[in-house]
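1. Have a look at this fold, sequence not included:
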């Protein structure tokens, strides 16, 4: 069904947009990002997919990592932090989506 394919494309294929948007709010660790996507978008990406996207964002310089002690569990966690390049990429991605929507709405 075409609508199902569109939903899939706008979730899995552009998950990087959701991750960067979440990281603009605050640094998060990988599993937390996955949970936030589920809570905000009612869609649950696989753990592997989340980490693959995070790895690609990190290798592209759009996020950086920092190991921190978790305040509640005292476990060291790898937190992801958006960079200036990540902010710019997110803005460009949102602008592109707005442009496409604008064309569809006219």
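-> Cool, got the structure. Everything numeric in this text was worked out from a predicted model, so none of it was measured. Residues are numbered from 1 along each chain as shown.
2. dump the residue contacts of the most centrally placed residue in the chain.
-> Nearest to the geometric centre of the chain sits residue 19, at 1.2 Å (CA atoms, centre = their mean). Contacts for residue 19 (CB atoms under 8 Å, 6 or more residues apart in numbering) come out as 33, 37, 50, 53, 54, 57, 63, 80. The way it works is simple: take the backbone N, C-alpha and C, and place the C-beta from them, glycine included.
3. Check the secondary structure at it for me.
-> Secondary structure for residue 19, judged by DSSP: H, G, I helix; E, B strand; the rest coil, is helix.
4. and the nearest residue to residue 62 once chain neighbours are set aside, what does it touch?
-> Take residue 62 and drop its neighbours on the chain: the residue closest to it by CB to CB, 6 or more residues apart in numbering is residue 86, 3.6 Å away. Residues in contact with residue 86 (CB under 8 Å, 6+ apart) are 20, 23, 57, 61, 62, 63.
5. so what secondary structure elements neighbour the helix or strand containing the third one?
-> Take DSSP states H and E as the rule and residue 57 turns out to sit in helix 47-59. Here helix 47-59 touches helix 15-25, helix 30-41, strand 63-69, strand 76-82, going by 3 or more CB pairs under 8 Å, 6 or more residues apart in numbering; DSSP states H and E.
6. Could you check it and say which residues are buried?
-> If you call a residue buried by 16 or more other CB atoms under 10 Å, then helix 47-59 has these buried ones: 50, 53, 54, 57, 58.
7. Lovely, talk soon.
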